[in-house]
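Peer 1: Sequence and computational prediction follow.
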Amino acid sequence: MKLIMSIVHKDDERRLVEALTGEGFGATTVSTTGGFLRQGNATIFIGVQDDRVSQALQLIRENCQTRTQLVNPLPPVAEPGELYMPQPVEVQVGGATVFVLDVVQYESF
Ligand code: 2BA
């Protein structure tokens, strides 16, 4: 058994969970925050038998878009009176960041 941990954009969360549950996958979502952008995203945990991992990954691929977002870099340390004009930079986010972990034991009481 594997645990798929998938970090996705908030706007893709609902569609992905519906697609997963529609195909009989169990899924749990947690609201999370990206360390770089400090913006809300969603982490979806999917416990899955080994022979269904590729199907779950395909659903993630199909339901998560790549987006570009503008970020203001942190200002450099400035001397008093110095003016800092931030230049936003574009970063590409997603479709999804996915970790597939081995499950040592699974119980459901
Ligand atoms: P964030 O940490 O908010 O990162 C958002 C996007 O910013 C990243 O998209 C990447 O394109 C860019 N980025 C991140 N760190 C950067 C840096 N030091 N310099 C320049 N650009 C940087 P994704 O790679 O698609 O990641 C989307 C979200 O997935 C991340 O949001 C984070 O929540 C999670 N994530 C990505 N890699 C991870 C990892 N190795 N471990 C844990 N979570 C991760």
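Peer 2: Perfect, thanks for sending it. Numbers count the residues shown, from 1 in each chain.

Peer 1: I'd like the distance between the residue lying farthest from the centre of the chain and the ligand.
Peer 2: Distance to the chain centre peaks in the chain at Gly81, reaching 40.5 Å (criterion: C-alpha atoms, centre = their mean). Distance, Gly81 to the ligand, using C-beta to the nearest ligand atom, to the nearest Å: 30 Å. For every residue, glycine as well, the C-beta is placed using N, CA and C.

Peer 1: ditto for Ala42
Peer 2: With C-beta to the nearest ligand atom as the criterion, Ala42 and the ligand are 10 Å apart.

Peer 1: Bridge partners for that residue, pull those for me.
Peer 2: Ala42 has these beta-bridge partners by DSSP bridges: Val8, Ser31.

Peer 1: how many other residues sit next to it?
Peer 2: 20 (other C-beta atoms under 10 Å).

Peer 1: I figured it hits Thr29, correct?
Peer 2: Yes. Between Ala42 and Thr29 there is a contact at 5.4 Å, judged by C-beta atoms under 8 Å.

Peer 1: Need the residues touching each of the two.
Peer 2: Glu13 (C-beta atoms under 8 Å, 6 or more residues apart in numbering).

Peer 1: still on that earlier bit, pLDDT at the residue farthest from the centre of the chain, what is it?
Peer 2: As predicted, Gly81 sits at a pLDDT of 77.

Peer 1: What separation do you get for it and Val100?
Peer 2: 53 Å (C-beta to C-beta, to the nearest Å).

Peer 1: measure Ser31 to the ligand for me?
Peer 2: From Ser31 over to the ligand (counting by C-beta to the nearest ligand atom), the distance is 12 Å.

Peer 1: pretty sure that residue is touching Gly40, no?
Peer 2: Yes. Judged on C-beta under 8 Å, Ser31 makes contact with Gly40 at a distance of 6.1 Å.

Peer 1: give me the number of residues near Pro80?
Peer 2: There are 4 residues near Pro80, going by other C-beta under 10 Å.
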